[in-house]
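Novice: With the input below, show me the fold.
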Amino acid sequence: MNTPRYILRDKKRELPVAFEPGNYDVICGRGGRSHDHIGNKRFRSLVHVHLKSYAVSATKEAKSNIISKIVDMVQSQSPNGGFVKFDKSTRSWLEVGDHLAKEKVGQTIRNALHFNYQSSNKAKKRRRLAEQVTAAINVKEISEKKKQF
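Specialist: Predicted coordinates for the structure are as follows:
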């Protein structure tokens, strides 16, 4: 008995043993296999089409809606759900749930718009440095005031 897709949308589902990612499947993972896969190339093109509307979206809800739209588009093009991942421990392919698919779309969008976002690590380092400089200036001012008395 097949479980309807809408019930599985947030769960990983093991795909048939003979499954190989097709032209419309997006491989979730790292490395050349996922990057060079035709489905991932199509996916990046699809994301590129929606970049401007995402970038000008004023609310988190609007951005979330764009991400959901992209996930739905990919899933509707593939009979196996669109977003798949290879499980090394079981040596089988899994259809990932909506949560992981949305994370993949969101990360791809942020990577494409990297010039619009500051790296959190770089921003934190700059902020800490500025705080240290401010603290050093304050200490110097306090010590100078003490010398005046």
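Novice: Okay, now the unreliable bits of the protein?
Specialist: Within the chain, the set of residues satisfying pLDDT under 70 comprises 1-10, 81, 116-124, 149.
Novice: Spell out the residue ranges of the helices in it.
Specialist: Chain-ordered helices for the chain, with DSSP state H as the definition, fall at 5-8, 32-36, 38-55, 60-77, 98-112, 120-148.
Novice: The second one: which residues count as buried?
Specialist: For helix 32-36, a neighbour-count test (16 or more other CB atoms under 10 Å) marks S34 as buried. In short, each C-beta sits where N, CA and C put it, glycine included.
Novice: distance between that helix and the chain's centre?
Specialist: Taking CA atoms, centre = their mean, to the nearest Å, one finds the center of helix 32-36 at 16 Å from the center of the full chain.
Novice: The longest one too?
Specialist: Averaging C-alpha coordinates over helix 120-148 and over its chain gives two centres that are 36 Å apart (CA atoms, centre = their mean).
Novice: do the same with the fifth one
Specialist: Helix 98-112 has its C-alpha centroid displaced from the chain centroid by 3 Å (CA atoms, centre = their mean).
Novice: For S78, grab phi and psi.
Specialist: Summarising the backbone geometry of S78 under the convention degrees, to the nearest 10, its torsions are phi -120, psi 130.
Novice: For it, which non-adjacent residue is spatially closest?
Specialist: For S78, ignoring the flanking residues on the chain, the nearest one in space by CB to CB, 6 or more residues apart in numbering is Y24 at 4.3 Å.
Novice: pretty sure the one you found contacts Q77?
Specialist: Yes - judged on CB atoms under 8 Å, Y24 makes contact with Q77 at a distance of 4.1 Å.
Novice: So which of the helices of the chain is nearest R91?
Specialist: With CB to CB as the measure, helix 32-36 is the member of those nearest R91 (14.7 Å).
Novice: So which residue is smack in the middle of this structure?
Specialist: The centre of the chain sits closest to Q107, judged by CA atoms, centre = their mean, with a distance of 1.9 Å.
Novice: How much space separates it from R30?
Specialist: Q107 sits 12 Å away from R30 when distances are taken as CB to CB, to the nearest Å.
Novice: Looking at the helices of the chain, which is nearest to K88?
Specialist: For the helices of the chain, the distance to K88 is smallest for helix 32-36, at 12.5 Å, taking CB to CB.
Novice: what's next to the closest one, contact-wise?
Specialist: Residues outside helix 32-36 that contact it (CB atoms under 8 Å, 6 or more residues apart in numbering): I27, C28, N40.
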